[in-house]
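A.B. asks: Take this sequence and fold it.
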Amino acid sequence: MAAQEKNSAASAVGSLGKAIGSFFRDFGTAVVKGDAFVKLSLLWMGAGYAKRKQYVKAVLMTILEIAIIAFTVKFAMQYVPKIGSLGTVKMEKVFNMKTMKSEFNNYDNSFTILLFSLFSFVVWLAAAVVWFKNIINAYVLQKMEEEGQHINTFREDLKSLVEEKFHITLLTLPVLGVVIFTLIPILLLIFVAFTNYDQQHMPPTELFSWVGLNNFISLFGGGGLTTTFGYAFVRVLGWTLVWAFFATFTTYIGGILLSLLLNSKKTRWPKMWRTLFIVTIAVPQFVSLLLVRNFFSNGGIVNTICNTIGLTGFLRSIGLVSTSYIPFLSAPGWAHVMIILINIWIGVPYQMLIATGVLMNLPSDQLESARVDGATKFQIFRKITMPYLLFVTGPALITDFVKNINNFNVIYLLTQDVYTTTNQAMANSQAKEVDLLVTWLFRLTQDYYNYKMASAIGIIVFIICAVFTLVAFNRMIKGDKEGTYQ
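C.D. replies: Alright, predicted model coming up:
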């Protein structure tokens with residue numbers, strides 16, 4: 001199985017390598033075998049189109065080339081040359097002899113330099129791909145002309161974008177959106193992880209610079225005795241994985257069991273119970289979580305009831321509690337268990353709806369055959385119902401696990417302003433025992449402006465989610481799962 005996964009990954013990498021190699025081979029062939037106008041397209045991007053009387057394309061490519069040159073000279077070259085140092089001139093006030101006033105000097109902004117340099121690199125990369133493709137297209141037009149084939153006019157090209165190439169037209173804007181709103185922020189996050197961008201190096205009053213792998217060394221326990229990030233990272237990562245596992249499978253299994261119970265012929269008023277559970281989904285999650293947090297706070301209604309009935313005193317007498325209240329959400333251990341239990345209450349109704357929909361499509365002929373053969377209810381559940389549920393809801397289960405790794409709402413809303421760590425090492429790293437990596441990342445940026453460590457943690461979260469998703473989906477889609485089940 002491991003060998004098959006490696007072969008599958010190697011095949012994907014090989015296909016990508018072949019596609020890239022083919023692209024550059026086509027470019028090399030165009031440069032070597034192209035006529036003078038194809039070669040001239042290396043300098044003037046519209047030359048090949050102009051020779052084949054595609055004047056509109058020639059003008060558009062010329063305008064694009066001029067725009068890239070103007071972008072490079074007027075914009076990119078203000079920032080890219082400074083990318084190595086991320087700026088050297090700090091912001092300060094100087095006295096202007098001409099205006100006789102104190103004015104800010106022409107200072108550098110490290111974040112602006114990093115962001116706009118990154119943007120320039122992306123624009124240049126896109127321009128390079130267009131430039132390579134332009135040479136290949138010019139050579140294709142040359143061959144079409146030599147073979148006497150019809151060369152489309154600009155109007156015919158536009159028509160093809162609406163007909164046979166309509167998929168390209170539809171994908172253009174989404175791809176641009178992904179590049180601008182997803183790719184560039186991710187690349188910026190990666191770059192910031194290799195700088196010392198924090199509260200002590202906050203542009204424009206201060207500059208930050210490159211520090212290499214120092215942030216990752218600190219995160220994994222290096223950096224000397226002055227840092228506790230390694231100590232906090234191990235504990236936060238461990239709780240993140242434990243939380244993701246229990247939050248996913250408790251709600252999943254609970255939803256299935258609840259759905260089976262409501263679908264049982266022995267259950268009275270199933271529609272009423274199903275409606276009550278659905279109503280809990282209709283209430284906004286943040287409202288429910290804030291109410292539950294108040295219920296289970298140190299001075300909340302649950303603690304009041306427990307104290308009244310003597311439960312708090314009993315727990316204190318046996319050593320489970322050392323305070324005058326039960327620290328449901330304010331002490332390690334207690335908070336971890338309560339968060340998982342509260343999440344079950346929130347997540348089970350949603351999983352119940354999914355399981356109900358799947359169970360309605362359960363093959364009745366297989367169930368009837370199993371009953372005729374004398375299978376018990378438990379055997380039917382283990383051999384037919386559960387495999388079918390896993391087959392249908394497997395992708396959703398993987399998605400839920402990844403979602404729970406980044407489940408910000410439940411952890412933050414239940415513990416914010418309630419849980420305060422007493423572990424000095426955790427506090428020194430601005431972390432809490434109940435933090436997930438994502439809530440720790442948020443607190444580092446929102447409260448402490450420690451962007452360098454937050455970016456490093458963000459990269460780790462991305463790697464964990466990406467690796468788990470790729471491995472899990474690769475195992476799930478491998479082979480004919482539907483045929484095997486049937």
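A.B. asks: Tell me, how many residues neighbour the nearest residue to G84 once chain neighbours are set aside?
C.D. replies: Once flanking residues are discounted, G84 sits nearest to W210: 7.9 Å by C-beta to C-beta, 6 or more residues apart in numbering. For every residue, glycine as well, the C-beta is placed using N, CA and C. W210 is flanked by 15 other residues according to other C-beta atoms under 10 Å.
A.B. asks: Could you do W440 as well?
C.D. replies: Count around W440 with other C-beta under 10 Å applied: 25.
A.B. asks: Contact partners for N423?
C.D. replies: E433 (C-beta atoms under 8 Å, 6 or more residues apart in numbering).
A.B. asks: my guess is the residue nearest to G84 contacts V192, does it?
C.D. replies: No - using C-beta atoms under 8 Å, W210 is not in contact with V192, being 10.5 Å away.
A.B. asks: picking up where we left off before, any idea how far the residue nearest to G84 lies from T420?
C.D. replies: 36 Å (C-beta to C-beta, to the nearest Å).
A.B. asks: Likewise for I309?
C.D. replies: 27 Å.
A.B. asks: now swap in A282 and tell me
C.D. replies: Following C-beta to C-beta, the distance that separates A282 from T420 is 33 Å.
A.B. asks: Which of the two has more residues huddled nearby?
C.D. replies: Set side by side, A282 and T420 show more neighbours around T420, with 10 against 7, by other C-beta under 10 Å.
A.B. asks: helix or strand for the closest residue in space to that one that isn't next to it in sequence, which one?
C.D. replies: Nearest residue to T420, sequence neighbours excluded (C-beta to C-beta, 6+ apart): S330, at 7.2 Å. Using DSSP states H and E, no element contains S330; it sits outside every helix and strand.
A.B. asks: tell me the domain ranges of the protein?
C.D. replies: Domain ranges of the chain: 25-212, 224-478, per automatic domain parsing.
A.B. asks: quick revisit: list phi and psi for the residue nearest to G84.
C.D. replies: Main-chain dihedrals, W210, degrees, to the nearest 10: phi -80, psi 140.
A.B. asks: Could I get the contacting residues of it?
C.D. replies: Per C-beta under 8 Å, 6+ apart, neighbours of W210: G84, L86, F194, T195.
A.B. asks: Narrow the residues you listed to those that are buried.
C.D. replies: Buried by 16 or more other C-beta atoms under 10 Å: L86, F194, T195, out of the contacts of W210.
A.B. asks: from what I can see the second one touches I217, true?
C.D. replies: No - no contact is recorded between F194 and I217 when judged using C-beta under 8 Å, the distance being 11.4 Å.
A.B. asks: Mind jotting down where the strands sit in the chain?
C.D. replies: 93-96, 101-104 (DSSP state E).
A.B. asks: Pull out the CA atoms of the first one and give them to me as CSV.
C.D. replies: Listed in CSV are the C-alpha atoms of strand 93-96, where the atom choice follows Å, rounded to 0.1, in the frame of the first residue of the first chain:
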residue,chain,number,x,y,z
LYS,A,93,11.7,64.0,11.7
VAL,A,94,14.2,66.3,10.1
PHE,A,95,14.2,70.1,9.8
ASN,A,96,13.5,71.3,6.3
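A.B. asks: who's in contact with that strand?
C.D. replies: K101, S102, E103, F104, N105.
A.B. asks: in it, what's buried?
C.D. replies: Of the residues in strand 93-96, none is buried (16+ other C-beta under 10 Å).
A.B. asks: how distant is it from the center of its chain?
C.D. replies: With C-alpha atoms, centre = their mean, to the nearest Å as the basis, strand 93-96 stands 46 Å off its chain's centre.
A.B. asks: my read: E65 touches W44, true?
C.D. replies: Yes - using C-beta under 8 Å, E65 is in contact with W44, at 7.3 Å.
A.B. asks: Compare these two and say which is more crowded by neighbours.
C.D. replies: E65 (18 against 14).
A.B. asks: any idea how far the more buried one lies from T88?
C.D. replies: Taking C-beta to C-beta, one finds E65 at 33 Å from T88.
A.B. asks: can you check K18 too?
C.D. replies: The value you get for K18 to T88, if C-beta to C-beta is used, is 45 Å.
A.B. asks: give me the low-pLDDT residue ranges for the stretch 201-350 of the chain?
C.D. replies: Applying pLDDT under 70 to the stretch 201-350 of the chain flags the ranges 223-227.
A.B. asks: show me where it has helices.
C.D. replies: 214-219, 229-263, 270-282, 285-295, 301-308, 311-317, 334-359 (DSSP state H, counting those that start in this stretch).
A.B. asks: pull the CA atoms of the first one into PDB?
C.D. replies: Once non-C-alpha atoms are left out, helix 214-219 reads as follows in PDB (Å, rounded to 0.1, in the frame of the first residue of the first chain):
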ATOM      1  CA  ASN A 214      15.700  31.400  13.600                       C
ATOM      2  CA  ASN A 215      11.900  31.500  14.200                       C
ATOM      3  CA  PHE A 216      11.600  27.800  13.300                       C
ATOM      4  CA  ILE A 217      14.500  26.900  15.500                       C
ATOM      5  CA  SER A 218      12.800  28.700  18.400                       C
ATOM      6  CA  LEU A 219       9.500  27.000  17.600                       C
END
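A.B. asks: what's in contact with it?
C.D. replies: Contacts for helix 214-219 (C-beta under 8 Å, 6+ apart): 193-194, 196, 223, 227, 229-230, 233, 452-453, 455-457, 460.
A.B. asks: What about L188, how many residues nearby?
C.D. replies: 16.
A.B. asks: ok, now G148?
C.D. replies: Residues near G148, counting by other C-beta under 10 Å: 6.
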